[in-house]
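In: Could you look at this predicted model? Sequence included:
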Amino acid sequence: MNIRIGILCFILISLMGCDKDPWNDPYPNENPTANTLYSSFAERPKHLDPAQSYSVPESAIIDQIYEPPLQYHYLKRPYVLEPLSAAALPEVQYFDQAGKRLPANADARRIAFTDYIIHIKANILYQRHPAFAKTEQGNYRYHHLSLQEAKHYRVLSDFKHEGTREVTAEDYVYQIKRLAEPRLSSPIFGFMTRYIVGLKALRETLLLESQHHKTGLEIDLRPYFLSGVEVIDRYTYRIRINGKYPQFQYWLAMHFFAPIPWEVAQFYAQPGLEAHNISLDWYPVGTGPFKLTENNPDRRMILVKNPEFRGEFYPSEGSAEDKAAGLLENAGKALPMVDKVIFTLEKEAIPRWNKFLQGYYDTSGISSDNFGSAIHLMPSGGVELTEAMKTQDIRLETSIAPDLWFWGFNMLDETVGGYTDKARKLRQAIALAFDVEEFVSIFMNGRGILATGPIPTDIFGYETQPKAVPPNLEQARQLLKEAGYPDGIGITIYFDTVITGNPDEIAIQAWLKEQFEKLGIQMVVRGTDFNRFQEKVRLGTVQMFFWGWSADYPDPENFLFLLYGPNGSAQNGGENAVNYQNLAYDTLFEKMRTMEDTPERLRVIQEMVDILHQDTPWIWGFYPKSFLLRQGWVSIGKPSGVANNTLKYTKIDPALRAKQRVLWNQPLLWPFGVLFGLVLVIFLSALIRFWRKEHIPRERL
């Protein structure tokens, strides 16, 4: 028996040395030299339906699949819109209340309606899907399933037949109607009712209809009238909005306005399919460079190149800096440049980081825990990769996201709010004491740029904001005295926050208290859970709090509206979380929002920023700086804070990756050598004993 065990161990150890692939490969069934990009996600997406999805993690998937009319140029900064599925940028026409056409330079107060006329490209095909499959007689094969028949289909691949068809203008109109579908609860419906003519009326009609719709599934929207949206011809449609709202063009670059064919919507609306997750929320149907072939959100999601994709090319136009950085090396090449993308679920940061270092993820962010091992802070204040990262030919890309974080004063509060000199000087004193640069250094690893206004970099109007100044305690104490609180006597500030159990929370709270203690002010933390905190902000029952905003589109209006009076959170449920209201600011905002990017608009923004600095509804925080690491086999890229459809621009060298994976994942063999030696000793000992037992006479033993 010992001999058999020894022989078996010898064979197993010998076989270990025969495999050229890394032993720890998490993709054993994937070809290591395939043109596949490997990435990860931290939480399962809730929605993949373009009418319902409104989160960055979801957009990372579906924006590779769906194509709205417009997109952002990959390289140009500030951000520039360009046609995607549209043949050209929309034609814009203005009309007065009587329907009379107005000139392009008409006063915004005269404009009652704006028409966006959109011409789409011909010969765009949808990815192949069972919804388009037809019988030999030309009937839809799977549009009339009985409930019993539907039970036999557990996944989409159970449908054996597929088809496709050309995209038409009607498909874009159908998707806009879906924004009003009550069952879908589109997150942009409320906002779009301000602009798209007839959208609210369509919702009311559909609400009545849904009472008689027995299945509770999506209604066929083709017969329903939407007054503000119409098909002009096969490749042209019109959207009419109320007034003048130039920022509407940015919405046309979002997946909410991508085409959805009625065949797909009605295919998924059949009773019995949704119970098996056969729905648009699970299996998207688009025209883009990729299609989703595996959706297992508890394990992985896989995108593959769409064979029906019409084709697109890497941009040839970029700045001198882009050229110097190598961003034009792929100019003119066909997109997408990878054949497959595998997203693996990684909930924990440590295993995700380790797999990146082992070469099993092609890109990675940097968590606070791993910052020191990846980034070296230079005395000049700059950053560079550590020697360990450089040795592995890992590259660092940094960018300023069009995001903003700030500390807010609730302007409805009796102490810190209001517009008296006393309240204003109190806010100014606290703002002058806050060392935001220190906060960014300690809690953001230096990953942020100090804000002096509400508009981030790369957004028109950023240049109107003053330069950052260091804390000035002498001036702050004088202002506090003038406000009636000498040395902080007689005032307590209540700071509302979310308690999550994160270890940084205690340190952040201690830092906050220190900022107030500089002025002698007592600060009390009022912690609660996230839902309760959001409710308090919404109702305006907070005093001070920390808040942030990420750009929906790259226009100053998307940030300046955070302080527009009618957007007050407590009064109107808007995004003005501090409930700031200033008539002069609001008047300028209404003028600015309808203007094109001209020197005159810049002047108006300057006046608005000056008003904000005087009233100080916020303590200007910071614009976060994102750090992205790319492996040496991944082409250099240009981060975008507003575009999510950028996977198509990524190029990799699979052969180099396979080589590096083997090099970086060499097994530690000496323990096996020791084990082999022990097994060999046991084996030889057993062999000698066996030989002696068989060949030495029994009487000599």
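Out: All right, it came through fine.

In: Show the pLDDT at Asn2.
Out: pLDDT, Asn2: 50.

In: if you average pLDDT over the helix ranked longest in the chain, what comes out?
Out: The longest helix of the chain (DSSP state H) is helix 670-695. Helix 670-695 comes out with an average pLDDT of 73.

In: Centre of the chain to it, how far?
Out: Centroid separation between helix 670-695 and its chain, computed with C-alpha atoms, centre = their mean, to the nearest Å, is 60 Å.

In: which strands and helices sit next to that helix?
Out: Applying 3 or more C-beta pairs under 8 Å, 6 or more residues apart in numbering; DSSP states H and E, we find helix 670-695 packed against helix 2-16. In short, each C-beta sits where N, CA and C put it, glycine included.

In: after the helix it packs on, next one along is what?
Out: strand 36-41 (DSSP states H and E).

In: Go through the helix or strand following that next one and flag the buried ones.
Out: Moving toward the C-terminus from strand 36-41, the next helix or strand (DSSP H and E) is helix 56-62. Residues of helix 56-62 classed as buried: 58-62 (neighbour count, 16 or more other C-beta atoms under 10 Å).

In: Can you tell me which of these is nearest Ala483?
Out: Set against Ala483, the nearest of the buried residues of helix 56-62 by C-beta to C-beta is Ser59 (45.0 Å).

In: Kindly provide the distance from the closest one to Ile118.
Out: 22 Å (C-beta to C-beta, to the nearest Å).

In: Ala131 now?
Out: 24 Å.

In: who's more crowded, those two?
Out: Remark: of Ala131 and Ile118, Ala131 carries more neighbours, 27 against 24, as counted by other C-beta atoms under 10 Å.

In: just for the stretch 1-150 of the chain, where's the confidence low?
Out: 1-20 (pLDDT under 70).

In: Okay, domains of the chain per the record?
Out: Taking automatic domain parsing as the reference, the chain has its domains at 2-23+668-700, 46-276, 403-626.

In: List the contacts of the nearest residue to Asn35 once chain neighbours are set aside.
Out: Using C-beta to C-beta, 6 or more residues apart in numbering and skipping residues adjacent in sequence, the residue nearest Asn35 is Asp339, 4.4 Å away. Listed by C-beta atoms under 8 Å, 6 or more residues apart in numbering, the contact set of Asp339 reads 34-36, 304-305.

In: Please apply the same query to Tyr485.
Out: 426, 491, 521.

In: so can I have JSON lines of the buried residues of helix 56-62 showing distance to Ile350?
Out: Below are the buried residues of helix 56-62 laid out as JSON lines (distance: C-beta to C-beta, whole Å):
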{"residue": "Glu58", "distance to Ile350": "25"}
{"residue": "Ser59", "distance to Ile350": "26"}
{"residue": "Ala60", "distance to Ile350": "22"}
{"residue": "Ile61", "distance to Ile350": "24"}
{"residue": "Ile62", "distance to Ile350": "29"}
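
In: thinking again about what came up before, figure out which of the domains of the chain is closest to Gly365.
Out: Using C-beta to C-beta, these put domain 403-626 closest to Gly365, at 7.5 Å.

In: where does Asp496 fall, helix, sheet strand or coil?
Out: At Asp496 the chain is in strand, as set by DSSP: H, G, I helix; E, B strand; the rest coil.

In: Next one, pLDDT for it please.
Out: pLDDT, read off for Asp496, is 96.

In: Identify the bridge partners of it.
Out: Arg526, Phe545 (DSSP bridges).

In: and it, how many neighbours does it have?
Out: Residues near Asp496, counting by other C-beta under 10 Å: 20.

In: and stretch 579-594, which residues are buried?
Out: 579-582, 585-586, 588-589, 591-594.

In: nope, stretch 597-607 is what I was after
Out: 601-602, 604-605.

In: ditto for stretch 469-482
Out: 471, 476-477, 479-481.

In: next one: stretch 188-206
Out: Those would be 188-189, 192-193, 195-199, 202-203, 206, for stretch 188-206 by 16+ other C-beta under 10 Å.

In: Which single one of those is nearest to Ser319?
Out: Ile188 (32.8 Å).

In: show me the contacts for the nearest residue to the closest one once chain neighbours are set aside.
Out: Residue nearest to Ile188 in three dimensions, not counting chain neighbours: Phe256, with 5.6 Å by C-beta to C-beta, 6+ apart. Counting by C-beta under 8 Å, 6+ apart, Phe256 touches 50-51, 68, 175, 179, 186, 188.

In: helices or strands up against the helix or strand hosting Trp511?
Out: Using DSSP H and E, Trp511 falls within helix 504-517. Here helix 504-517 touches helix 421-433, helix 436-443, strand 492-498, strand 522-528, going by 3+ C-beta pairs under 8 Å, 6+ apart.

In: Would you mark the buried spots in that helix?
Out: Here helix 504-517 shows 508-509, 511-513, 515-516 as buried, counting by 16+ other C-beta under 10 Å.

In: quick revisit: out of the buried residues of helix 56-62, which one sits closest to Glu82?
Out: Proximity of the buried residues of helix 56-62 to Glu82 (C-beta to C-beta) peaks at Ser59, which lies at 18.6 Å.

In: Go ahead and confirm the closest one touches His255.
Out: Yes: Ser59 lies in contact with His255 (C-beta atoms under 8 Å); the separation is 7.0 Å.

In: for the record, mean pLDDT for stretch 350-361?
Out: In this model, stretch 350-361 carries a mean pLDDT of 95.

In: ok, and what's touching that stretch?
Out: Contacts of stretch 350-361 (C-beta under 8 Å, 6+ apart): 22, 24-27, 38-40, 42, 346, 363-364, 367, 369-370, 392, 629, 631, 657, 660-661, 664-665.

In: to the chain's geometric centre, what's the distance from that stretch?
Out: 21 Å.

In: Please list all residues in contact with the closest residue to Phe546 other than its chain neighbours.
Out: Nearest residue to Phe546, sequence neighbours excluded (C-beta to C-beta, 6+ apart): Trp407, at 5.6 Å. By C-beta under 8 Å, 6+ apart, Trp407 lies in contact with 434, 544-547, 618-619, 621.

In: swap in Ile636?
Out: 325-327, 395, 397, 630.

In: Likewise for Arg657?
Out: Residues in contact with Arg657 (C-beta under 8 Å, 6+ apart) are 32, 359, 362, 631, 633.

In: Can I get whichever helix or strand it is part of in PDB? Just the C-alpha atoms.
Out: Element membership of Arg657, judged by DSSP H and E, is helix 654-664. Only the C-alpha atoms of helix 654-664 are listed here, as PDB (Å, rounded to 0.1, in the frame of the first residue of the first chain):
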ATOM      1  CA  PRO A 654      -2.800  39.400 -25.600                       C
ATOM      2  CA  ALA A 655       0.500  37.600 -26.300                       C
ATOM      3  CA  LEU A 656       2.400  40.000 -24.000                       C
ATOM      4  CA  ARG A 657      -0.200  39.500 -21.300                       C
ATOM      5  CA  ALA A 658       0.000  35.700 -21.500                       C
ATOM      6  CA  LYS A 659       3.800  35.900 -21.200                       C
ATOM      7  CA  GLN A 660       3.700  38.200 -18.200                       C
ATOM      8  CA  ARG A 661       1.100  36.100 -16.400                       C
ATOM      9  CA  VAL A 662       3.400  33.100 -16.600                       C
ATOM     10  CA  LEU A 663       6.300  35.200 -15.400                       C
ATOM     11  CA  TRP A 664       4.400  36.900 -12.500                       C
END
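
In: sorry, back to before: out of the contacts of Trp407, flag the one nearest to Thr236.
Out: Checking these one by one against Thr236 (C-beta to C-beta), the nearest turns out to be Trp547, at 42.4 Å.
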